[in-house]
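Sequence plus predicted model, see below.
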Amino acid sequence: MFDTLGDKLEQVFRRLKGRGKVTERDLDQAMRDIRLALFEADVNVRVVQELVARVRQQALGREILASLTPEQYLIKFVHQELTRAMGESVKLLDLPRSGLPVVMLVGLQGSGKTTTAAKLARLLQQEHHRRPYLVPADVYRPAAAQQLLILAGQIGCPAFTEVEKKDPVRIARDALAAASRAGCDTVIIDTAGRLHIDEGLMEELSRMKRSVNPAATLLVADAMTGQDAVNVAEGFNRALSLDGVILTKLDGDARGGAALSIRSVTGVPIYFAGTGERLECLEPFFPDRIASRVLGKGDVLSLIEKVERAYDREQVQALERKLRRNEFTLEDFRDQVRAIRRLGSMGELLAMIPGMKKLAQGVDGEVAEKELRKVEAIINSMTPKERLNDGIIGGSRRKRIARGSGTSVSDVNRLLKQYQQMKKMMKQFSKLGGRGAGRIPFRGLFS
């Protein structure tokens, strides 16, 4: 999302690099360029003015004009102010363990509330060990309730089903009793999308909030709507006194102004960010990490967390034992591919590594995903004996595998060659890692 803004800021810093000492006139020009870059990213006017003023104040107060590395100082100050604008520190959704806390999701139609409700339920299951209960309270959009019920089934989450021909407020109220009977400890209500200027529908939300007394009322805002997302947040906040925001589609190609503006303009914290379409693509919103991504500094901590979620310690240790014994098979290779797919798009992963932003922009995520699926299909078309011993895969077997996987013999040949190269590489890394290598998740691919 922040590629364009990041590129423009990088140009500003590059112009200061290698000049030696800079003048106050150089600094004024840099401030103008930063201001223009933020405006083009659709950042709120007030936020831009305050951010640039603070950066300038720090730059002049820290003797940047006398520094031999002025661009490094400026990057540091911009990073600090971007982080400050987005909320400084991560805001955690702290729900009480007693009683039956309710999370009410509100927002415009099409902002991604229904999918976000399922993502949030999954996150509470996986990371917080809670037992959520999903409530489809959108009686206006055709098949909205059915969509949420399908998503609930995919994550194994109970959901309220008695929604036909009911008032949304009554649905929410009846769902609380149903959730209690089901032994759940959290209720997530997916409300109907509405404009913040629609007084009738906003009053319905107010009645629902008074009826269920939610522990958190969260606005689901589409980050790709840019500056208008800030206006939407202000409207919903005035009517409902929001507790927080979930930004969706942060993996899109919008300019990013919403992420940089909502917290400063409304005072409402951003809890989560949707980073993809899959149900596992909901992450806590870390302002400092987002600022690092904007400035091309990567996000190693998020990358490590993704890897650790994809691999547990026992898997890593078992894999390392196989490598030492030269027992790494095509089945293990397939498991590695599946783990990579769980991590997210290759472009997103590369962008998290410092200095790899330009390379990440050249990666076509759809093409990479297609190639990984092809690898899985080829290995799945092999017999168990072939997956355990690739040495027996001769010409006739390769033709059969190609037919079974819908690929070509050359695809099969390329896969087997890649497997041998990866097997050799991972064995070398395992030897270098010694006894402590098991502490490094996914070390074969990221060492």
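Thanks, I have the structure now. Since this is a predicted model, take the numbers as computed values, not measurements.

So which residues of this structure form strands?
For the chain, applying DSSP state E gives strands covering 102-106, 132-137, 186-191, 216-222, 244-248, 270-274, 282-284.

could you redo those as TSV and give each row mean pLDDT and mean neighbour count?
The way it works is simple: take the backbone N, C-alpha and C, and place the C-beta from them, glycine included. Below are the strands of the chain laid out as TSV (pLDDT from 0 to 100; neighbours: other Cβ atoms under 10 Å):
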stretch	mean pLDDT	mean neighbour count
strand 102-106	95	25
strand 132-137	95	28
strand 186-191	95	27
strand 216-222	92	25
strand 244-248	92	26
strand 270-274	91	24
strand 282-284	89	20
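
could I get the ones you listed as TSV with distance to residue 263?
Output for these, formatted as TSV (distance: least, Cβ to Cβ, whole Å):
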stretch	distance to residue 263
strand 102-106	18
strand 132-137	26
strand 186-191	23
strand 216-222	11
strand 244-248	8
strand 270-274	6
strand 282-284	14
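
For residue 171, which of these is the nearest?
Nearest to residue 171 among the strands of the chain is strand 132-137 (4.9 Å), distances taken as Cβ to Cβ.

among the strands of the chain, which is nearest residue 369?
Ranking the strands of the chain by proximity to residue 369 (Cβ to Cβ) places strand 270-274 first, at 18.1 Å.

strands paired with that closest one, and their directions?
Strand 270-274 has the following strand partners under DSSP bridges: strand 244-248 (parallel), strand 282-284 (antiparallel).

so the first one versus strand 102-106, what angle?
Counting by axes from the mean of the first three to the mean of the last three Cα atoms, to 10 degrees, strand 244-248 lies at 50 degrees to strand 102-106.

Serialize the strands paired with strand 270-274 to TSV and add fields for distance to residue 87.
Shown next, in TSV, are these (distance: least, Cβ to Cβ, whole Å):
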stretch	distance to residue 87
strand 244-248	10
strand 282-284	11
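
closest to residue 202 out of the strands of the chain?
Of those, nearest to residue 202 by Cβ to Cβ is strand 102-106, at 9.2 Å.

what angle do the closest one and strand 186-191 make?
20 degrees.

Who are the packing partners of strand 102-106?
For strand 102-106, the elements it packs on are helix 113-128, strand 186-191, helix 199-212, strand 216-222, judged by 3 or more Cβ pairs under 8 Å, 6 or more residues apart in numbering; DSSP states H and E.

if you set the cut-off to 10 Å instead, what comes out?
Packing contacts for strand 102-106, counted by 3 or more Cβ pairs under 10 Å, 6 or more residues apart in numbering; DSSP states H and E, involve helix 113-128, strand 132-137, helix 168-181, strand 186-191, helix 199-212, strand 216-222, helix 227-240.

which of the ones you listed has the lowest average pLDDT?
Among the helices and strands packed on strand 102-106, helix 227-240 has the lowest mean pLDDT, at a mean of 86.

mind saving the C-alpha coords of that one as CSV?
Output of helix 227-240 as CSV, limited to C-alpha atoms (Å, rounded to 0.1, in the frame of the first residue of the first chain):
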residue,chain,number,x,y,z
GLN,A,227,-9.2,10.3,3.0
ASP,A,228,-12.9,9.4,3.0
ALA,A,229,-12.1,6.7,5.5
VAL,A,230,-11.2,9.4,8.0
ASN,A,231,-14.6,11.2,7.3
VAL,A,232,-16.4,7.9,7.9
ALA,A,233,-14.5,7.3,11.1
GLU,A,234,-15.4,10.7,12.4
GLY,A,235,-19.1,10.2,11.5
PHE,A,236,-19.4,6.8,13.2
ASN,A,237,-17.4,8.0,16.2
ARG,A,238,-19.8,10.9,16.8
ALA,A,239,-22.8,8.6,16.7
LEU,A,240,-21.4,5.6,18.5
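
Now do the buried residues in that helix.
Neighbour-count burial for helix 227-240 flags 227, 229-230, 232-237, 239-240 (criterion: 16 or more other Cβ atoms under 10 Å).

want to throw these into JSON lines with distance to residue 12?
Below are the buried residues of helix 227-240 laid out as JSON lines (distance: Cβ to Cβ, whole Å):
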{"residue": "227", "distance to residue 12": "22"}
{"residue": "229", "distance to residue 12": "25"}
{"residue": "230", "distance to residue 12": "24"}
{"residue": "232", "distance to residue 12": "30"}
{"residue": "233", "distance to residue 12": "29"}
{"residue": "234", "distance to residue 12": "30"}
{"residue": "235", "distance to residue 12": "34"}
{"residue": "236", "distance to residue 12": "35"}
{"residue": "237", "distance to residue 12": "33"}
{"residue": "239", "distance to residue 12": "39"}
{"residue": "240", "distance to residue 12": "39"}
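
re earlier: just so I know, which of the helices and strands packed on strand 102-106 lies nearest residue 271?
Once the helices and strands packed on strand 102-106 are compared by Cβ to Cβ, strand 216-222 is nearest, at 6.6 Å.

by contact count, what packs against that closest one?
Counting by 3+ Cβ pairs under 10 Å, 6+ apart, the packing neighbours recorded for strand 216-222 are strand 102-106, helix 113-128, strand 186-191, helix 199-212, helix 227-240, strand 244-248, helix 257-266, strand 270-274.

Turn these into a markdown table, including distance to residue 177.
Shown next, in a markdown table, are the helices and strands packed on strand 216-222 (distance: least, Cβ to Cβ, whole Å):
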| stretch | distance to residue 177 |
| --- | --- |
| strand 102-106 | 12 |
| helix 113-128 | 19 |
| strand 186-191 | 10 |
| helix 199-212 | 11 |
| helix 227-240 | 24 |
| strand 244-248 | 26 |
| helix 257-266 | 34 |
| strand 270-274 | 27 |
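
Now render the helices and strands packed on strand 102-106 as CSV, adding distance to residue 381.
Conversion of these to CSV gives the following (distance: least, Cβ to Cβ, whole Å):
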stretch, distance to residue 381
helix 113-128, 31
strand 132-137, 38
helix 168-181, 45
strand 186-191, 40
helix 199-212, 52
strand 216-222, 41
helix 227-240, 46
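
Nearest to residue 340, out of those?
Nearest to residue 340 among those is helix 113-128 (19.4 Å), distances taken as Cβ to Cβ.

Tell me the buried residues in the closest one?
Neighbour-count burial for helix 113-128 flags 113-125 (criterion: 16+ other Cβ under 10 Å).

Tabulate the residues you listed (JSON lines), appending distance to residue 340.
Below are the buried residues of helix 113-128 laid out as JSON lines (distance: Cβ to Cβ, whole Å):
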{"residue": "113", "distance to residue 340": "30"}
{"residue": "114", "distance to residue 340": "28"}
{"residue": "115", "distance to residue 340": "23"}
{"residue": "116", "distance to residue 340": "25"}
{"residue": "117", "distance to residue 340": "28"}
{"residue": "118", "distance to residue 340": "24"}
{"residue": "119", "distance to residue 340": "21"}
{"residue": "120", "distance to residue 340": "25"}
{"residue": "121", "distance to residue 340": "26"}
{"residue": "122", "distance to residue 340": "20"}
{"residue": "123", "distance to residue 340": "21"}
{"residue": "124", "distance to residue 340": "26"}
{"residue": "125", "distance to residue 340": "23"}
